[in-house]
Structures are given as structure tokens and as C-alpha cells.
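> starting from these lines, generate the structure:
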Amino acid sequence: MASVQAIAEAIFIVDSGSDDNTLAIARSMGVHVVSHPFTTQARQLNWALDTLPIRSHWILRLDADEIIEDDLAQAIIETLPALGEDITGVEFARKHIFMGRWIRHGGRYPLWMLRLFRKGYGRSEDRWMDEHIALTKGQTMRLQGGFADINLGDLSHFTTKHNGYATREAISILINRYALVANAIPTDEPLAIAGSAVTRRWCKRHIYDRLPFGCGPMAYFLYRFIVRAGFLDGVEGVIYHGLQGFWYRFLVDAKVLYWDRALRKLPDREARLARLEELTGYRLQEI
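Alright, predicted model coming up:
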């Protein structure tokens with residue numbers, strides 16, 4: 001919140017049940033706090049875009065662990081007023097800070113992400129995981145400057161969070177595999193996501209997903225750690241690339257395999273959906 005106070009006309013937090021001091025701290029800083037039950041990151045953002053009284057011409061989406069550094073804040077201030085109407089989105093190069101170290105290698109920097117967009121021109125893809133902001137019209141540009149994802153939790157927090165991510169990604173894979181849930185975004189315009197996200201998604205679908213079980217995570221880890229020089233990130237890099245590049249991907253594949261065995265023998269969509277809800281604890285029929 002402090003990192004964007006100087007550039008934001010208003011700051012909104014969409015909360016889904018915090019039980020710590022988050023909301024008190026936010027209100028003390030003049031932040032507008034609203035509550036909405038959580039289903040997915042995508043639908044939380046789209047609800048905010050449809051509901052909040054946003055008056056500014058540009059919207060910046062940030063996760064709770066992301067920070068706009070001073071140089072990027074200054075670049076935003078100087079650049080936005082001069083942009084033509086054809087530019088409706090701005091990409092930032094996100095950098096990961098893990099155990100106090102900037103993870104510069106392994107293909108983790110720069111990760112260009114569309115996070116700033118003109119009001120009315122951006123929405124989130126309606127996906128369980130790996131959702132991206134997409135433009136309904138216009139083009140993007142890239143802006144240099146510090147955009148940091150800072151993991152302040154310990155390793156238990158990191159692995160617990162990624163276990164949850166793995167569950168949601170496995171659900172997404174199985175939803176698509178068995179066409180369990182309609183997937184629609186309320187817009188009349190076609191959506192376009194940034195080029196780097198398209199490339200990563202193509203590689204996953206056409207290369208990674210076709211490898212035998214267990215080979216994908218190992219190949220991905222070796223690619224990041226050896227080919228993309230992740231070993232240069234030191235001890236912190238070994239831990240980060242090992243957990244995020246291998247363990248997490250292997251966990252997703254294992255959950256898909258485990259739950260797919262329970263679903264494939266069921267007779268229809270309704271039975272599979274009910275069983276997946278039972279296995280994961282998510283109420284998928286409400287999506």
C-alpha cells in the first residue's frame with residue numbers, strides 16, 4: 001500500500017475474510033476496504049472491476065506481496081500522460097525476492113506481466129490458475145522499473161501456499177479434461193493476453209503436458225537450473241528452483257494423476273464434478 005500511495009488516486013482492497021490486522025492497517029492508511037467471498041483470483045478481480053467505484057482512467061492490479069519500487073512509480077507518472085489511445089495496457093518486469101535474494105536466473109527474470117490497464121479495457125481470464133489480465137482492445141507497452149514479488153513468509157508458508165496452488169491447478173486441468181464447468185468471461189470482446197504468457201502456455205500445452213509422468217517436472221527443473229543458469233542464484237536459488245521448479249510441478253502432476261483415477265471410471269459430468277468437489281473440498285458447482 002505504501003509503495004503506491006504517491007501514484008494512486010484511490011487504493012482498494014478486496015478482502016475475503018482476513019482475521020489479522022490487515023484491515024485495520026489498511027483503513028489507517030486511508031485505503032478503501034470491501035469484502036467479497038473468494039472463489040478464484042480471476043473472479044475476485046473481475047468482481048472488483050465490475051463493482052468498485054473506480055474513477056481513474058488507469059487501473060493497477062497488485063497482489064498483497066507485490067511492491068512498486070520508486071523508479072517504476074516515477075516511470076508510471078512520467079509515461080502515462082503521454083501514451084496514445086491505442087496503448088491500453090502496460091507490462092512490468094516482475095522480479096522474485098526469495099529468502100532475501102533476488103532470483104535473477106532460471107528464466108525467472110524478467111517475467112513481463114500486464115498489470116496496468118485503461119479502465120474498461122482489461123479483465124482477468126476466467127481460469128482456476130495461471131490467469132492473466134487480458135485486453136479487450138488495444139496494445140501493450142513495456143515499462144522498465146522495479147516491480148517486486150517479495151516472499152516474506154518462511155518455507156512452511158511458501159510450501160503451504162504452493163500446495164494450495166497445486167490443488168487449484170490440478171482442478172483446472174481436470175475441469176478442462178472432462179469439460180466439467182462452463183468457462184466464460186462476461187465480455188463481448190475477444191481477449192488478448194500478453195505475448196510472453198502466450199508463449200509459456202503454448203510450451204506447457206504442446207511440450208510439457210505430453211511428457212510421461214514425472215518427466216515434465218524433472219525436465220523443467222533441469223532447464224531452469226542448468227540451461228537457464230539457475231545455479232547462479234546460490235543456495236537460495238537451489239531451494240527456490242527446487243521447490244518452485246520441481247516439487248510444485250511434480251505435486252500438480254501427482255494430484256492430477258491421483259484424482260483422475262477416481263474420475264475416469266464415473267459415468268457422466270455430474271458424477272465427476274461431485275466427486276472432484278469431495279476430493280478437493282472446493283464447491284465447483286458454484287463456479
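> D260 falls within a helix, correct?
Yes. Assessed with DSSP: H, G, I helix; E, B strand; the rest coil, D260 lies in a helix.
> next, count neighbours for it.
17 (other Cβ atoms under 10 Å). In short, each C-beta sits where N, CA and C put it, glycine included.
> now the helices for this structure?
Secondary structure of the chain (DSSP state H): helices located at 22-28, 41-51, 70-79, 155-178, 195-206, 215-222, 234-240, 248-263, 269-280.
> comparing the ones you listed by mean pLDDT, which bottoms out?
Across the helices of the chain, helix 195-206 has the smallest mean pLDDT, namely a mean of 74.
> what does that helix contact?
111-114, 130, 132 (Cβ atoms under 8 Å, 6 or more residues apart in numbering).
> got it, and stretch 86-95?
By Cβ under 8 Å, 6+ apart, stretch 86-95 touches 66, 72, 76, 79-80, 102-104, 108-118, 121-122, 133, 135, 137-149, 194.
> 6 Å - rerun?
102, 109-118, 121, 135, 138-143, 147-149, 194 (Cβ atoms under 6 Å, 6 or more residues apart in numbering).
> and it, what's buried?
87-95 (16 or more other Cβ atoms under 10 Å).
> on that earlier part again, so which of the contacts of helix 195-206 sits lowest on pLDDT?
D130 (82).
> tell me how far it lies from A73.
27 Å (Cβ to Cβ, to the nearest Å).
> the nearest residue to L180 once chain neighbours are set aside: neighbour count?
Leaving out its chain neighbours, the residue that sits closest to L180 by Cβ to Cβ, 6 or more residues apart in numbering is L273, at 4.9 Å. Close neighbours of L273, defined as other Cβ under 10 Å, add up to 20.
> L273 and V181 touch, don't they?
No. L273 lies out of contact with V181 (Cβ atoms under 6 Å); the separation is 7.4 Å.
> which residues are in contact with the closest residue to R108 other than its chain neighbours?
Once flanking residues are discounted, R108 sits nearest to H96: 5.6 Å by Cβ to Cβ, 6+ apart. Taking Cβ under 6 Å, 6+ apart as the criterion, H96 is in contact with 103, 108, 149.
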